[in-house]
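Enquirer: From the sequence below, what's the structure:
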Amino acid sequence: MSTNRLHHQLDDTDRTILRLLQQDGTLSNPKLAGHLSLSVTPCWRRLKRLEDEGYIRDYQANLDRRKLGYDVLAFVSLGFGAHGDEAPNRFEAAIHEHPEVLSCHKITGNADYLLQVVAESLDAYSAFVENVLRKMDGIHSIHSSLALREIKSSSRLPVPE
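Expert: Here you go, the predicted model:
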């Protein structure tokens, strides 16, 4: 089923649930039901359906990377020399093992992948590049852009009206 078609299955209450939980993932079912003027059981059923259908993938707290000691945020573009071999597939499998990689996207344009990486320091980031990325087969280019200042950072999606 296409994303567009799934979108049409959401009613106003479903969209409100998604918005409220993005704002506060710790909302209990009774409090969520109160915001929606629903009783607890119908609210729970809607929430369970949104989880079962994959609209809600998981719940997490948003942490402050600097308070945890990650002062460096890098955007890393990677290029592979040959696309027909298994190196990109091995890279995709291996990148999941590195928690400092917050996101990894296969992209169009001059690079093949774009990573978002955190590190405690420039030395730690340099060690990640040298000991992890440069040792992976098939990578022929690595371009790093370091964030000087974070203007906006969010994982909240706009929920359509």
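
Enquirer: and stretch 103-119, how far out from the chain's middle?
Expert: 12 Å (CA atoms, centre = their mean, to the nearest Å).

Enquirer: Could you tell me the end-to-end distance of that stretch?
Expert: Start and end residues of stretch 103-119 are separated by 14 Å (CA to CA, to the nearest Å).

Enquirer: what's the answer for stretch 79-97, then?
Expert: Start-to-end, stretch 79-97 (CA to CA) is 20 Å.

Enquirer: And the contacts of it?
Expert: The contact list for stretch 79-97 (CB atoms under 8 Å, 6 or more residues apart in numbering) reads 78, 101, 104, 106, 110-113, 115, 136-142. C-beta here means a position set from N, CA and C on the backbone, and glycine is covered the same way.

Enquirer: give me that answer again for 10 Å
Expert: Outside stretch 79-97, the residues within contact range by CB atoms under 10 Å, 6 or more residues apart in numbering are 78, 101, 103-104, 106, 110-113, 115, 132-133, 136-143.

Enquirer: Ranking helices and strands of this protein by mean pLDDT, which lands last?
Expert: Every helix and strand of the chain was ranked by mean pLDDT, DSSP states H and E. The lowest is helix 3-8, at a mean of 48.
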